[in-house]
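In: pasting a predicted model and its sequence here:
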Amino acid sequence: MATPSIAVPASLDGLPAETRVIATPWSRMVRGIGLGQHPVRYDPLAASRIRGAFDRLAKTVPGNAYTRFSGHLAELVLNFARPGLSDQRAVRALGPIMEAARAVPNPYWRIMAGCILMDAWAKLGLDSALLTDGDADIPAETLALVDAVAPDQIKDENQGRHGDYERLSAYTAVFLAHGQLGLQARLTAGRDHVGEALGLIDRVPSPFFRGRGGSMLIAVTALIGHGDRLTADGRDAIGEILDYLDRDDEIGMPPAFPQPLSTAFGKVYPLLTMLNAVAVAGRPDHLLRGRDRLAQARDLMAALDPAERTHMGLYYLMALSNLGRLRAQVPSLDRYLESLVGTWRHLDPGENFFLTGIAYPYLIQTAMLTGRMDLVPHAMLERVADSYPDLDRTDEDRVNRPYPFGYLVNVLGEIGAADLVFEPRPRYGGQSAMDWVIDRLSPDGEAEGSRLYILDHALIAYALRQRGGSGDTALFAGHRFPFDRP
């Protein structure tokens, strides 16, 4: 059993607000928001490992601008994770960071680079004026880029189902980054970006993507102090999405996944993210909008295959906790966790990159946040750490390898078990898993595409955790979950 490198509270509602809003790996590792949770005291060995990984990436994918940006940002973070350096030194480091960010060809990922920089800047406690008063106004530049994000540009198995999902997600990241820097007023000064973003919800045709993307936009909108806009102009952003989810069968646009998944999975995922948005925004009336939403979630969770439940367990528990309904819906949390986390014994993490590939990181994360790391034996950690050569079995699994690997790198850092991916292992011929995975990337990461960025995000998150401190920034520390008991 690994020992978490964080102090685990007695209950989920004692976790930092950022974790309660952005708990699961999807938002952090895939979308790049909420990186660097659970800060710890600066660790020189961790810093050396992060630098070594980015040095190796620089040699393997030298033409990948996003990875180059990530390496430069991680260097800034590691330099300023220890107090004592002047903010002006951080300004001088912005040159290569922004040069790489502006070289990212995809406008969505160029926005994400700017947002991750702004979030890191806030978490390091650097002066936000240094990003706005110099040669370039980086927050303004990033916000302006949202107009360049066109609909249906995500080239994956769900092509045509997204609509403006990516632009909506970009707005979510931009709003959160501005909130972290205390620049929320800019979002409605001269141009109502908040209203425009909420208007994009109707332009996401798939119920799955409308619920999943809309939920994060709603949560962040409430977080930055614009919760009143959710019911402005006769609209009800939360209620309308819940109504749309109820029309899923009628609309007939189910999500596609790399492996065949149940209908229940496609329905419960957006519902759980919406329930967490209800919790963050404090709208109890929506729990009975159209039907009993907690009963609906319980029934859908029960309909999942055990492997599918590994992905959804943390979403479910966090939403219930934030709603103040965990004990009522899950009377024996320990029994629930023992069954859920114990699923690892029946799953092969190397069978595929998605369903079983990210199941282990989800289970480890769930055990960590609920204080049940006793359910994660070392054999489980070793099994997943040694699983990545198995993903050579198909081209799809091979090019997507950074996806599950990035998830694992993130959570192993959080539980103090990063040795498993940074130290040599027999399974990798005496290399570390990190070096082995990086050495097998395609030229400049072109085949992997944005899946490579998941590894970039994991390494940035690991770097940001070295800053120490209490965890939450002023934005998150100031948020009160309406369902919490006084």
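Out: Good, I have the coordinates.

In: list the contacts of L57.
Out: N64, T67, G71, I438, L441, D456 (CB atoms under 8 Å, 6 or more residues apart in numbering). In short, each C-beta sits where N, CA and C put it, glycine included.

In: go on, E196?
Out: For E196, the contact set (CB under 8 Å, 6+ apart) comprises Y171.

In: any idea of the mean pLDDT for the host helix or strand of it?
Out: Using DSSP states H and E, E196 sits within helix 193-199. What helix 193-199 shows for mean pLDDT is 98.

In: and the helix or strand following it, C-alpha only, in CSV?
Out: Using DSSP H and E, the helix or strand that follows helix 193-199 in sequence is helix 207-223. These are the backbone C-alpha positions of helix 207-223, laid out as CSV (Å, rounded to 0.1, in the frame of the first residue of the first chain):
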residue,chain,number,x,y,z
PRO,A,207,-26.8,15.2,-24.9
PHE,A,208,-23.6,13.5,-23.7
PHE,A,209,-21.4,16.4,-24.7
ARG,A,210,-23.9,19.1,-23.8
GLY,A,211,-24.2,17.7,-20.3
ARG,A,212,-20.5,17.0,-19.7
GLY,A,213,-19.3,20.3,-21.2
GLY,A,214,-22.2,22.4,-19.9
SER,A,215,-21.8,21.1,-16.4
MET,A,216,-18.2,22.5,-16.1
LEU,A,217,-19.2,25.8,-17.6
ILE,A,218,-22.1,26.1,-15.1
ALA,A,219,-19.8,25.2,-12.2
VAL,A,220,-17.2,27.7,-13.2
THR,A,221,-19.7,30.4,-13.9
ALA,A,222,-21.1,30.1,-10.4
LEU,A,223,-17.5,29.9,-9.0
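
In: helices and strands around helix 207-223, which ones?
Out: With contacts taken as 3 or more CB pairs under 8 Å, 6 or more residues apart in numbering; DSSP states H and E, helix 207-223 sits against helix 17-21, helix 165-180, helix 193-199, helix 237-246, helix 248-251, helix 263-281.

In: mind putting those in TSV, distance to D119 included?
Out: Putting the helices and strands packed on helix 207-223 into TSV (distance: least, CB to CB, whole Å) gives the following:
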stretch	distance to D119
helix 17-21	10
helix 165-180	5
helix 193-199	18
helix 237-246	24
helix 248-251	33
helix 263-281	18
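
In: out of these, which comes closest to G342?
Out: Closest to G342 of those, according to CB to CB: helix 263-281, at 19.9 Å.

In: ok, back up a step: now for the contacts of L57: which two are most distant?
Out: Within these, G71 and L441 form the most distant pair, 14.1 Å apart (CB to CB).

In: any idea how far T67 is from S169?
Out: As judged by CB to CB, to the nearest Å, S169 and T67 stand 20 Å apart.

In: among those two, which residue is more densely surrounded?
Out: Taking neighbours as other CB atoms under 10 Å, S169 and T67 compare with S169 leading, 29 against 25.

In: list the contacts for the nearest residue to the more buried one once chain neighbours are set aside?
Out: Closest residue in space to S169, ignoring its immediate chain neighbours: G213 at 5.4 Å, by CB to CB, 6 or more residues apart in numbering. Residues in contact with G213 (CB under 8 Å, 6+ apart) are Y165, L168, S169, T172, I201, V204.
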